[in-house]
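In: Have a look at this prediction, sequence included:
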Amino acid sequence: MSMTRFFARFGSLLVFAAASLSHAEENWPRFRGPLGTGHSTETNLPVKWDPKSIRWKVSIPGKGQSSPVNWGDRIFLTSGSDDGRLRQIFAIDPATGNLLWTDKVDVANPETLHQMNTFATASCATDGEVVVAFFGPGGLHAWDLQGKPLWSRTDIGAFPGDWGVGASPVIQGDLVIQNCDAEGPSSLLAVDRKTGKTVWTTPRKDSPKGGWSTPIVIRAGEREELILNGEFGVNAYDPATGRDLWFCEAFNGRGEPVPEYAKGLLYVVSGKPGDTFVVKPGGSGDVTGTHRLRASKRQGGRDLASPVVTDDVLFVTSMSGIALCYDANTGETLGDPTRLEAAISASPIVANGLIYLQAENGDVLVVRAGKTLEVVARNSVGAGAEEIFRASPGPIRGALYLRSTTALYRIGG
């Protein structure tokens, strides 16, 4: 081969490689990704695998259900001791699984947990300068990406009750925003991301069962709205000031699932059995009668997983693994319910038109939503019986990271 042809071919390979890398998810910086809705720009995630496809598996001391998030060459996870008196944050190398750094948080008065919860369920949030972790009564804490402690807030609530906490922090500009719903006095809190000092606090209606939903920030016309699902319905707040903008009542309680934002609308599911409904943002005050556009009947019982919209189809699955598809434009039910034969607590992610569902036993179901639900693949990592998977998958740079209560797996990439 002539040198001219060699360099021409070599150059074309570089262009192809750069184009491929441009589609990779560089950072997955918070619970369910950059927008908090589980949608990834990845186009080359693995679709089918088996235990032999695992690049590496690392054990995580303690137990936790926080989902993997990353910035650059660091994945962040948390865990808690069995008695809840010790919480930890871990920075892990995504290429090797090696531990880069860890730090500990002591908790004098741990919360009481539901049997499905852990002392480290909230996922971290990072913006490339600060990484934040929330441990309920153990407080809200920040480090730099090299593991240097920056600030700690241990005065944000006792979080009493029998359920524990699960809402993840969100970094919005110079603010860290935390849902502090509890069985009793509840609030939404914003602190300065560099100092931890309170910027604003907005009271919320007391929740009889606590709070687990993580907010998202959307653009509605000329303004940004911070959307938070809850026990009674959906609230929107001004993320800069905490001012309450509007409220839409839900059909039932336990607002754990994060609303999907697509087509300029919010698609909402409650934790308890009840209709899924659509809300138009941008209103003022109680918008239940004006901005709740339509509702669709739900089947399958309780929900923890958040809904997603892909290819004009709204996809919802129950904890028992009964999945339904709806026309995202009309609310019409598409086909019959599909039994996925899996318990599903984790919220799905969407990549390249496919929905990735993490089952509690470690299997990942890859499905395509439509008039009929197509199960494209059912993949196993060969997890041990003691492992439970309730964290959402992390799609990072072409690889898929799966977290059980005690381990982190890398698939592909």
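Out: Cool, got the structure.

In: Flag the shaky bits of the stretch 1-150 of the chain, pLDDT-wise.
Out: Counting by pLDDT under 70, the low-confidence segments of the stretch 1-150 of the chain come to 1-24.

In: could you list every residue that touches the nearest residue to Glu386 once chain neighbours are set aside?
Out: In space, and not counting its chain neighbours, Glu386 is closest to Thr406: 7.1 Å by CB to CB, 6 or more residues apart in numbering. In short, each C-beta sits where N, CA and C put it, glycine included. Thr406 is in contact with Ser59, Ile60, Gly62, Lys63, Glu386, Glu387, counting by CB atoms under 8 Å, 6 or more residues apart in numbering.

In: For the residue lying closest to the third one once chain neighbours are set aside, the count of nearby residues, please.
Out: What it means is Gly62. In space, Gly62 comes closest to Ser79 once its chain neighbours are excluded; the distance is 3.5 Å by CB to CB, 6+ apart. The local packing of Ser79 (other CB atoms under 10 Å) involves 22 other residues.

In: Over to Val199?
Out: Under the neighbour criterion other CB under 10 Å, Val199 is assigned a count of 17.

In: Contacts only, for it.
Out: When the contact criterion is CB under 8 Å, 6+ apart, the partners of Val199 are Leu175, Ala190, Val191, Asp192.

In: same thing but 10 Å
Out: When contacts are counted by CB atoms under 10 Å, 6 or more residues apart in numbering, Val199 is found next to Asp174, Leu175, Val176, Ile177, Leu189, Ala190, Val191, Asp192, Arg193, Ala240, Thr241, Gly242.

In: that's a strand at it, yeah?
Out: Yes: checked against DSSP: H, G, I helix; E, B strand; the rest coil, Val199 lies within a strand.

In: coming back round to it: most widely separated two among the contacts of Val199?
Out: For those, the farthest-apart pair by CB to CB is Arg193 and Thr241; their separation is 16.3 Å.

In: Tyr237 reaches Ala220, doesn't it?
Out: No: Tyr237 sits out of contact with Ala220 when judged by CB atoms under 10 Å, with a separation of 11.9 Å.

In: what's the overlap in contacts for the two?
Out: Ile227, Leu245, Trp246.

In: Highest neighbour count among those?
Out: Neighbour-wise, these (other CB under 10 Å) top out at Ile227, 25 neighbours.

In: can you pull the contacts of that residue?
Out: Going by CB under 10 Å, 6+ apart, Ile227 touches 36, 213, 215-218, 220, 234-237, 239, 245-246, 258-259, 261, 266, 268, 279, 281.

In: One more pass at 8 Å, please.
Out: If you count contacts by CB under 8 Å, 6+ apart, Ile227 has them with Pro215, Ile216, Val217, Ile218, Val234, Asn235, Ala236, Pro259, Tyr261, Leu266, Pro281.

In: a strand runs through the fifth one, doesn't it?
Out: What it means is Val234. Yes: when the secondary structure is assigned by three-state DSSP, Val234 falls within a strand.

In: The residue nearest to it when sequence neighbours are not counted: helix or strand, and which one exactly?
Out: Of all residues beyond its chain neighbours, the one nearest Val234 is Cys248 (4.8 Å), with distances taken as CB to CB, 6+ apart. Per DSSP states H and E: Cys248 is located in strand 244-249.

In: which one of the contacts of Thr406 sits closest to Lys197?
Out: For the contacts of Thr406, with Lys197 as the reference and CB to CB as the criterion, the closest is Gly62, at 29.8 Å.

In: Determine the number of other residues adjacent to the closest one.
Out: Counted with other CB under 10 Å, the burial measure for Gly62 works out to 19 neighbours.

In: There's contact between it and Leu77 in this structure, I believe.
Out: No: shown here, Gly62 and Leu77 do not form a contact pair, counting by CB atoms under 8 Å, at 10.3 Å.

In: picking up where we left off before, who has more neighbours, Arg193 and Thr241?
Out: Per other CB under 10 Å, whichever of Arg193 and Thr241 has more neighbours is Arg193, with 23 against 11.

In: OK, contacts around Gly398?
Out: Contacts for Gly398 (CB under 8 Å, 6+ apart) come out as Ala24, Glu25, Glu42, Asn44, Leu45, Gly412, Gly413.

In: ok, now with 7 Å
Out: When contacts are counted by CB atoms under 7 Å, 6 or more residues apart in numbering, Gly398 touches Ala24, Glu42, Asn44, Leu45, Gly412, Gly413.

In: try Asn27
Out: By CB under 7 Å, 6+ apart, the contact list for Asn27 reads Asn70, Trp71.

In: quick one: it and Thr372, what's the gap?
Out: In this structure, Asn27 and Thr372 are 35 Å apart, going by CB to CB, to the nearest Å.
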